[in-house]
Structures are given as structure tokens and as C-alpha cells.
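K.L.:
sequence plus predicted model, see below.
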Amino acid sequence: MRQRTLKSRITDPSETTLAWVLLTPAILFLLLIVAYPVSKLIYNSFFDIRLSGGSLPSFVGLDNYKMALEDALFWKSLKNTVIITVVTVPGALVAGLGLAILANMPFKYRWPVRLALLLPWALPLAFVGLIFAWFFHSEYGLVNDIIRRIDLLIPGLGWEPQIWFNSPALTMAAICITTIWKTSSFMALILLAGLQTIPASLYEAAEVDGASKWKQFTEVTLPLLVPSMLVALIFRTLTAIQSFDIPYNMPGPGDETKTLAMYIQSNTVDYLDVGYGSTLAVFMFLLSMATTFVYLKYVRGDKE
């Protein structure tokens with residue numbers, strides 16, 4: 001009887017057994033590529049590991065965390081990361097929503113618009129940073145050239161070309177503009193998919209009831225687009241926290257515009273201080289997890 005039961009379980013498994021059989025490879029894969037690196041990162045943060053000089057790793061406990069909390073450059077890089085996140089995530093959402101609505105409009109030749117959405121998203125981040133570093137160049141950049149031409153056309157404005165990368169504020173502005181341009185297409189693609197799931201009958205019913213286009217947008221489009229917005233915001237916020245390529249290729253004066261990811265890179269790669277670099281990466285990981293928790297809590301609260 002036991003053998004027949006075991007055989008029946010193998011040949012005709014229950015839904016629970018089948019679910020575990022199918023999920024086990026994925027769980028093992030996630031443990032390999034996520035759990036192990038994170039565990040190793042946390043483990044390294046408790047040690048003084050310097051690859052230069054041939055010194056052996058030594059256990060230092062919470063000293064690395066104490067040093068980070070007292071490190072002015074850590075707080076500056078964290079502040080810059082937060083500024084980029086707070087500015088570029090809503091900016092990319094607004095720009096992406098406008099692009100998604102444009103790409104979803106019922107005109108004949110929509111494919112060039114949708115193709116244009118893919119181009120910024122497909123470009124490598126480092127390449128985008130180099131392109132916009134040229135755009136904002138003080139001598140032969142496109143932005144200053146436009147400012148000069150506008151000043152010639154309208155002398156009363158008093159616009160003057162700027163040395164963008166000599167000022168932390170102007171550098172951060174250039175970085176944020178570049179990041180919004182690069183990431184708004186990603187937001188637009190997700191929101192476009194959400195727009196296409198909204199039934200046309202809802203707009204027809206709203207139009208019959210006499211609702212204006214703005215009323216249809218606020219009462220029909222936006223509420224039904226909230227799930228897609230949350231997905232886009234989660235992904236965009238996490239990548240904003242990890243900002244590296246664009247700020248790295250558009251550097252400001254000294255360390256004034258250094259992000260947390262750049263500071264981690266300089267410690268681990270330039271100075272070969274793996275222990276302290278791991279500690280900084282743990283802070284970034286905690287910031288990412290806290291952000292994800294806030295979003296998911298909002299999703300659960302919205303469903304309840």
C-alpha cells in the first residue's frame with residue numbers, strides 16, 4: 001500500500017507537490033545569485049579586508065559601521081543619491097506618462113513614436129553620460145550654444161553660458177536632466193502597457209455621461225493606471241538609488257557630486273578596501289529594502 005501510495009504521488013502529484021517541484025530550481029537559483037552574495041557582503045562588512053599590502057583580513061566587529069556614520073563623505077554621497085532619487089523618479093514618471101499617452105493615441109503612424117521610446121532605454125548608461133557631458137560642455141556644448149543663440153535673439157533675458165561642471169548645483173541639475181531623459185522611456189513603456197489594458201468601453205461610457213477629456217483622465221485613466229505606476233516606481237527608485245554610470249561620466253568639482261555607488265566603487269576598486277566598501281554597500285542594500293517595503297506596504301494598504 002505504501003509503495004502504491006508513493007508511486008501514485010510520483011505519477012500523479014498533488015498541486016502542492018507539483019508547485020514545490022517546479023519552484024525548487026528557481027528557489028535554489030535565487031539563493032545562489034541573491035542570498036549568497038548578500039550574506040557574503042554582510043560578512044565582509046565585519047572585517048578589515050585590504051587587498052593592498054598583503055595584510056590578512058581581521059575581525060573588527062561594528063567598527064566599519066561606526067566609521068561610516070562618522071564619515072562626512074558617506075553622508076554627502078548619500079545626500080546626493082537621495083537628491084537624484086527624489087528629483088528624477090517623479091520627473092521620469094511625469095515625462096513617461098506624457099510619452100505613454102502620446103504613444104497610445106489613436107493616430108495612424110504610431111510606430112515611430114513607439115520606436116522613439118525604445119532608443120533612450122536601449123542606450124547604455126555610460127554612453128548617455130558621455131553624450132550629455134558633451135551637451136553640457138562649457139565651451140562647445142549644445143546647451144550653452146542654445147543659450148547664446150537665445151540671448152542674441154532676446155537680449156533682455158540676460159542669459160549667459162554656464163560652466164556646468166564647476167558648480168555642484170549645476171552639475172546635479174545636469175545629471176538629473178540626463179537621468180530623466182534616459183529613464184522616462186522605461187517608465188513610458190510600462191505605463192503604455194498599463195494604458196492598453198484599460199477597456200475602451202469605460203471611456204465611451206464616460207463620454208456618454210458628459211465627462212470631459214480631463215475628467216476621463218483623472219477619473220478613469222489615473223486610477224486604473226496606479227498598479228502600473230507602482231511597478232514602474234519600484235524599479236525606477238531602486239535604480240536611482242544605485243546611480244553610478246551617469247554621475248561618474250558627468251563629474252562635478254571634487255567629491256561634491258559623488259553618489260553612494262561611486263563612493264562604494266572608489267573604496268573597493270580604487271583603494272581596495274573591501275571591508276569598508278562592503279559596509280557602504282550594506283547601507284545601500286538597507287536603503288533599497290526600506291524603499292521596497294514602503295512601496296509594497298502601500299500596495300497592500302491600497303488593496304485592503
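P.N.:
Now that the structure is in, tell me what you want to look at. Predicted, not measured: the structure shown is a model, and the values here were computed from it.
K.L.:
other SSEs contacting the top helix by length along the chain?
P.N.:
Ranked by number of residues, the top helix in the chain under DSSP state H is helix 72-104. Applying 3 or more CB pairs under 8 Å, 6 or more residues apart in numbering; DSSP states H and E, we find helix 72-104 packed against helix 111-122, helix 168-195, helix 222-241, helix 260-265, helix 274-303. (Each C-beta comes from the backbone N, C-alpha and C, glycine too.)
K.L.:
closest one to Val143 among the ones you listed?
P.N.:
helix 168-195 (8.1 Å; CB to CB).
K.L.:
for that closest one, the distance to its chain's centre please.
P.N.:
In terms of CA atoms, centre = their mean, to the nearest Å, the centre of helix 168-195 is set 9 Å apart from its chain centre.
K.L.:
so after that helix, what's the next helix or strand?
P.N.:
Next helix or strand after helix 168-195 toward the C-terminus (DSSP states H and E): helix 200-208.
K.L.:
report the angle between that following helix and helix 222-241.
P.N.:
With axes from the mean of the first three to the mean of the last three CA atoms, to 10 degrees applied, the angle from helix 200-208 to helix 222-241 works out at 120 degrees.
K.L.:
pull the CA atoms of helix 200-208 into PDB?
P.N.:
Output in PDB follows, covering the C-alpha atoms of helix 200-208 (Å, rounded to 0.1, in the frame of the first residue of the first chain):
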ATOM      1  CA  ALA A 200     -12.200  51.400 -24.300                       C
ATOM      2  CA  SER A 201     -15.800  50.900 -23.100                       C
ATOM      3  CA  LEU A 202     -15.000  52.900 -19.900                       C
ATOM      4  CA  TYR A 203     -14.100  55.900 -22.000                       C
ATOM      5  CA  GLU A 204     -17.200  55.500 -24.100                       C
ATOM      6  CA  ALA A 205     -19.400  55.400 -21.000                       C
ATOM      7  CA  ALA A 206     -17.700  58.400 -19.500                       C
ATOM      8  CA  GLU A 207     -18.200  60.300 -22.700                       C
ATOM      9  CA  VAL A 208     -21.800  59.400 -22.800                       C
END
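K.L.:
give the contact list for Pro168.
P.N.:
Neighbour list for Pro168: Gly252, Pro253, Glu256, Thr257 [criterion: CB atoms under 8 Å, 6 or more residues apart in numbering].
K.L.:
ok, it to Asn144 distance?
P.N.:
Pro168 sits 18 Å away from Asn144 when distances are taken as CB to CB, to the nearest Å.
K.L.:
next one: Ala169
P.N.:
16 Å.
K.L.:
more neighbours: the two, which one.
P.N.:
Neighbours per residue, other CB atoms under 10 Å: of Ala169 and Asn144, the larger number sits with Asn144, 20 against 11.
K.L.:
thinking that one is in contact with Gln162, fair?
P.N.:
Yes: taking CB atoms under 8 Å as the definition, Asn144 is a contact partner of Gln162 at 6.7 Å.
K.L.:
overlap in contacts, the two.
P.N.:
Joint contacts of Asn144 and Gln162 (CB under 8 Å, 6+ apart) are Ser138.
K.L.:
for Ser45, which of the helices and strands packed on helix 72-104 is the nearest?
P.N.:
Comparing the helices and strands packed on helix 72-104 by their distance to Ser45 (CB to CB), the top pick is helix 274-303, with 4.2 Å.
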